[in-house]
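Trainee: Task: produce atomic coordinates for the following.
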Amino acid sequence: MSTPSLPNPPLRYFEDYPAGAVFELGNIEVDPLEVQSFAERFDPQPFHVDPQAAAVSPYGGIIASGWHTASLMMRLLAQGFLSPASSLGSPGIDELRWLLPVRPGDRLSGRVTVLSAQPSRSKPDRGVVITLVEMRNQAGETVLSLKPVNLLRRRPAA
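Mentor: Numbering: from 1, shown residues only. Below you'll find the model as predicted:
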């Protein structure tokens with residue numbers, strides 16, 4: 001399994017993430033082999049790894065681990081939202097929700113809405129951006145939502 005290289009993400013700074021801004025992250029396909037290998041390694045519950053057990057589960061078949069879905073979201077977030085010029089990491093995530101099962105072969109799309117953007121009072125070179133991140137399946141149903149807190153560098157003085 002090879003990982004494609006990331007395209008050059010846009011160069012953005014704290015000032016480029018105003019409250020209310022919406023960023024579309026693009027799409028990613030849920031690879032059936034990755035569903036199995038991720039679950040075998042990190043979340044070996046029967047409805048993730050055993051087709052027979054999954055068939056008689058409430059899900060009626062194999063579903064991706066929620067952590068795998070979150071990892072796919074992180075891929076899109078790093079690729080289309082976070083900028084290497086300004087991203088300083090995250091002190092945490094609020095309200096992580098797995099709303100619907102994600103199945104092998106699903107095509108997920110991501111969207112980020114900036115909820116708030118506040119300059120740091122103690123560190124004037126950065127700000128705190130809180131967002132709502134949503135992943136939707138090909139039917140437009142929200143399968144994952146979360147509210148990450150990101151630390152972002154402010155634009156350098158010219």
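
Trainee: tell me the contacts of the most centrally placed residue in the chain?
Mentor: The residue lying closest to the centre of the chain (Cα atoms, centre = their mean) is Met73, at 2.3 Å. Counting by Cβ atoms under 8 Å, 6 or more residues apart in numbering, Met73 touches 108, 110, 133, 135, 144, 146. Backbone N, C-alpha and C define where each C-beta goes, glycine included.

Trainee: Please point out which parts of the helix ranked longest in the chain sit buried.
Mentor: Counting by DSSP state H, the longest helix found in the chain is helix 66-80. Residues of helix 66-80 classed as buried: 66, 68-70, 72-73, 75-77, 79-80 (neighbour count, 16 or more other Cβ atoms under 10 Å).

Trainee: For the chain, which segments count as strands?
Mentor: Using DSSP state E, the strands of the chain run over 22-29, 92-98, 107-119, 126-136, 142-153.

Trainee: Mean pLDDT and distance to Ile62 added to these, as JSON lines?
Mentor: Converted to JSON lines, these look like this (pLDDT from 0 to 100; distance: least, Cβ to Cβ, whole Å):
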{"stretch": "strand 22-29", "mean pLDDT": "96", "distance to Ile62": "15"}
{"stretch": "strand 92-98", "mean pLDDT": "97", "distance to Ile62": "15"}
{"stretch": "strand 107-119", "mean pLDDT": "98", "distance to Ile62": "16"}
{"stretch": "strand 126-136", "mean pLDDT": "98", "distance to Ile62": "18"}
{"stretch": "strand 142-153", "mean pLDDT": "98", "distance to Ile62": "15"}
